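S.K.: Sequence and predicted structure are below.
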Amino acid sequence: MNRRAFLATAAAVTAGCGQTERTTDSPSGDDGPATETRSSGGGPATDSPTRTETATVAPASVGVTDVSVPSTIEIGTAGTLSVTLENAGGQSGSFSSAVEAKVGTGEWTATDATVEATVAAGESVTETVDLPPNHYVEPASYRLADADPVARTRFVAREIPLGETHLLPNGVALSVHDVGFGETYTYESSGGEKTAEPTDGDKWAVGTVRAENTADEPARAPLVSDIGFFRGEEEYSFQHLSDNRDRYRGGELEPGSVSEGDLPANVPVAAERAALRVEYSESFEEGQITVNWTLGE
């Protein structure tokens, strides 16, 4: 090789070694691999970060879907209110609300009862609370504050067996016990012991009525004229006997005082014990109170 040819070859080699970036393209018109580009520093190519979507959970939404109460409740006793709650939200939630009552012709007022519960997402629960007693025979409605559903009931006469006590609104505890039947009735008078006969076709029914003032102030006990024997709707009232010192009197009682005595009445001979009852019924400005003592067999 002559000297001129050697120098030309060396110059071409030196020019190729001086490149710092290489690009590889597919031939024109060929669907070959994509162009590869390397940084002058020789490091790998970087990818863009991936975005992650976070789902939004709906908050708790607990509401009242139903309220119910027995169709009747005896006066002087506690009823029960059932409340169904439903959580339409996506998280567990707590619920608390006062029970409101509308008794008789009165307005809606809050009671001492409160419904409290925790309801899981998408679930429903039923809670039961005691309702405060009512002393008078009348209708009543119940609801929860700021909720639409309403439950309706009626307070009715109380029925209890002989010997049990009913507490009146003024604090007087009233009871009837020791009912017996006979062809004669013997009682104490100012002149000594006397015996009375029943009217024709009747027999004597005699019970003992007891009223105690459990309040801290004077209170009026029911009068004997408000208490009598009944068979169905037929009344056999108190038989007034002159100077009967054994009879029940009632009236004004001091705190802790007791009025106790006989309730004599004439009932048909054919009247069976189980068909009879002793009834106290009296109307007040606030309403009517009716209590029945069943005699049993």
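M.R.: Perfect, I can see it now. Residues are numbered from 1 along each chain as shown.

S.K.: Quickly list the domain ranges of the protein.
M.R.: Listed domain ranges for the chain are 62-156, 158-294 (source: automatic domain parsing).

S.K.: export the ones you listed to a markdown table and tack on distance to Thr56?
M.R.: Using the backbone N, CA and C atoms, a C-beta is placed for each residue, glycine as well. As requested, the domains of the chain are exported to a markdown table (distance: least, C-beta to C-beta, whole Å):
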| stretch | distance to Thr56 |
| --- | --- |
| domain 62-156 | 9 |
| domain 158-294 | 55 |
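
S.K.: how about those in CSV, adding mean pLDDT?
M.R.: Converted to CSV, the domains of the chain look like this (pLDDT from 0 to 100):
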stretch, mean pLDDT
domain 62-156, 95
domain 158-294, 96
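
S.K.: tell me, how many neighbours does Ser225 end up with?
M.R.: Look at Ser225: counted by other C-beta atoms under 10 Å, it has 11 neighbours.

S.K.: Would you confirm that it contacts His240?
M.R.: No. Between Ser225 and His240 there is no contact under C-beta atoms under 8 Å: 9.5 Å.

S.K.: Let me know the secondary structure of the spatially closest residue to Ala147 that is not a sequence neighbour.
M.R.: In space, and not counting its chain neighbours, Ala147 is closest to Val64: 4.0 Å by C-beta to C-beta, 6 or more residues apart in numbering. Counting by DSSP: H, G, I helix; E, B strand; the rest coil, the backbone at Val64 sits in strand.

S.K.: Settle this for me: Val64 is touching Ala151, isn't it.
M.R.: No. In this structure, Val64 is not within contact of Ala151 by C-beta under 8 Å, at 10.9 Å.

S.K.: Counting neighbours, which bits of stretch 249-259 end up buried?
M.R.: Of all the residues in stretch 249-259, those buried under the rule 16 or more other C-beta atoms under 10 Å are 250, 253, 259.

S.K.: can you check stretch 258-265 too?
M.R.: 259, 261-265.

S.K.: With stretch 124-133 instead?
M.R.: Buried-residue list, stretch 124-133, by 16+ other C-beta under 10 Å: 129, 131.

S.K.: returning to that earlier point: turn the buried residues of stretch 249-259 into CSV, columns for secondary structure and distance to Pro198.
M.R.: Listed next are these as CSV, based on DSSP: H, G, I helix; E, B strand; the rest coil; distance: C-beta to C-beta, whole Å:
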residue, secondary structure, distance to Pro198
Gly250, coil, 24
Leu253, strand, 31
Ser259, strand, 25
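
S.K.: Going by residue numbers, what spans are helices in this protein?
M.R.: 3-17 (DSSP state H).

S.K.: residues touching the residue nearest the centre of the chain, list them.
M.R.: The residue lying closest to the centre of the chain (C-alpha atoms, centre = their mean) is Leu81, at 2.6 Å. Contact partners of Leu81, counting by C-beta atoms under 8 Å, 6 or more residues apart in numbering, are 67-69, 99, 113, 128-131, 142, 151.

S.K.: what would these look like in TSV with distance to Gly163?
M.R.: Formatted as TSV, the contacts of Leu81 follow (distance: C-beta to C-beta, whole Å):
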residue	distance to Gly163
Val67	36
Ser68	33
Val69	30
Val99	33
Ala113	31
Thr128	30
Val129	31
Asp130	25
Leu131	26
Tyr142	32
Ala151	34
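
S.K.: distance of the nearest residue to Arg210 once chain neighbours are set aside from Ala221?
M.R.: Using C-beta to C-beta, 6+ apart and skipping the chain neighbours, the partner closest in space to Arg210 is Glu260 (4.4 Å). Distance of Glu260 to Ala221, given as C-beta to C-beta, to the nearest Å: 10 Å.

S.K.: what touches both of the two?
M.R.: Here Glu260 and Ala221 have Ala211 as joint contacts, going by C-beta under 8 Å, 6+ apart.

S.K.: which residues in the stretch 51-200 of the chain form strands?
M.R.: 62-68, 72-74, 80-87, 93-103, 109-119, 124-130, 138-144, 151-156, 158-161, 165-167, 172-182, 185-189, 192-196 (DSSP state E, counting those that start in this stretch).

S.K.: Distance to Ala205 for these - can I get that in TSV?
M.R.: As requested, the strands of the stretch 51-200 of the chain are exported to TSV (distance: least, C-beta to C-beta, whole Å):
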stretch	distance to Ala205
strand 62-68	41
strand 72-74	24
strand 80-87	37
strand 93-103	36
strand 109-119	41
strand 124-130	37
strand 138-144	31
strand 151-156	25
strand 158-161	16
strand 165-167	20
strand 172-182	6
strand 185-189	9
strand 192-196	13
